[in-house]
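In: Fold the following for me, if possible:
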Amino acid sequence: MLRGMPDSHSDPLAALAASVRRMIDTTVSVKGDAALLLDAAARVDAISAELAGAVTDPPPERYPGGGETPSDWMPYDYVTGRWNPLAPPIVITWQEPRAVGDVTFTRPYEGPPGCVHGAALAAAFDQVLNVANLMQGAAGPTARLELRFRAPTPLHRAVRFEGWIERRDERKVHSRGQLLVDDAVTVEAEGLFILVDPERIVRLLDR
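Out: The predicted structure follows:
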């Protein structure tokens, strides 16, 4: 079952993103004849053309605020965004002193057969560690991110990311994380982040 299937009445954009997410999952798994696939492509193009009439320039506010979790603050995010069909999406919560991300990766995120692609795991860790920093007043851009792959991470299994601050060194923030499948660690992460003045971050978000 794919994550991110909201009540269509309470959040119609999230419902659309979830539908597109299901379409992506089907597309990378379907095996049909040419007529079926070409007909589906034409119908998808027709829906895209219809939606294009509602596209605005500039686009909608990327950080509209509100919500109870870090995931709510970034609805368009590539990793956590419920309004982004490319996101799994990972649901990140703050369980002091750690940021915790829960997700089940499906076939679009496949690398080795039956396993999650390392690039998808790197993107997830980057966001989880950034949330851990943000929640402790140490927000800033990623300078370095290193992963140690201890075991394959399987698709279609509930997994949990954990991230926390290891130490601070003036403007440098050293954070660490791990990925758990049940109780087994499959990946470990270390990140170096550079502290940035909060007002500067707000100005960047406003852009």
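In: mind checking the SS state of the residue located most distally from the centre of the chain?
Out: Largest separation from the mean C-alpha position in the chain: A35, at 34.2 Å (Cα atoms, centre = their mean). What DSSP: H, G, I helix; E, B strand; the rest coil gives for A35 is helix.
In: Roughly how far does it sit from D45?
Out: 16 Å (Cβ to Cβ, to the nearest Å). Backbone N, C-alpha and C define where each C-beta goes, glycine included.
In: wait, doesn't E166 sit right on G177?
Out: No - contact criterion Cβ atoms under 8 Å: E166 and G177 do not qualify, at 9.8 Å.
In: which residues does the residue nearest in space to the middle of the chain contact?
Out: Relative to the mean C-alpha position of the chain, the nearest C-alpha, by Cα atoms, centre = their mean, is the one of V79, at 1.2 Å. Residues near V79 by Cβ atoms under 8 Å, 6 or more residues apart in numbering: 87-90, 123-124, 126-127.
In: Out of the residues you listed, list just those in helices.
Out: Among the contacts of V79, the ones falling in helices (DSSP state H) are 123-124, 126-127.
In: By neighbour count, which of the residues you listed wins?
Out: A124 (30 neighbours; other Cβ atoms under 10 Å).
In: Could you pull out the buried residues of stretch 188-198?
Out: 189-193, 195 (16 or more other Cβ atoms under 10 Å).
In: Count the residues that sit near the nearest residue to A151 once chain neighbours are set aside.
Out: Nearest non-adjacent residue to A151, counting by Cβ to Cβ, 6 or more residues apart in numbering: T186, 4.5 Å away. Neighbourhood size, T186 [other Cβ under 10 Å]: 20.
In: did I read that right, T186 in a strand?
Out: Yes - read with three-state DSSP, T186 is one of the residues of a strand.
In: measure it to E162 for me?
Out: Noted for T186: a distance of 12 Å to E162, by Cβ to Cβ.
In: can you list residues touching both of the two?
Out: Shared contacts of T186 and E162, counting by Cβ under 8 Å, 6+ apart, come down to 179-180.
In: Give me the distance from the helix or strand A18 falls within to the chain's centre.
Out: In this structure, A18 sits in helix 12-27 according to DSSP states H and E. Distance of helix 12-27 from its chain centroid, counting by Cα atoms, centre = their mean, to the nearest Å, is 15 Å.
In: Please, where are all the helices along the chain?
Out: With DSSP H as the criterion, the chain has helices spanning 12-27, 34-52, 70-73, 118-135, 198-206.
In: what's near enough to touch the nearest residue to V131 once chain neighbours are set aside?
Out: Distance criterion Cβ to Cβ, 6+ apart; nearest residue to V131, sequence neighbours excluded, is A99 at 4.1 Å. A99 is in contact with 70, 92-93, 128-129, 131-132, 135, 161-164, counting by Cβ under 8 Å, 6+ apart.
In: Quick check on those residues: which are buried?
Out: 70, 92, 128-129, 131-132, 135, 161-164.
In: okay if I get these as a markdown table plus distance to P154?
Out: Shown next, in a markdown table, are those (distance: Cβ to Cβ, whole Å):
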| residue | distance to P154 |
| --- | --- |
| P70 | 25 |
| I92 | 21 |
| V128 | 19 |
| L129 | 22 |
| V131 | 24 |
| A132 | 25 |
| M135 | 29 |
| F161 | 15 |
| E162 | 18 |
| G163 | 21 |
| W164 | 24 |
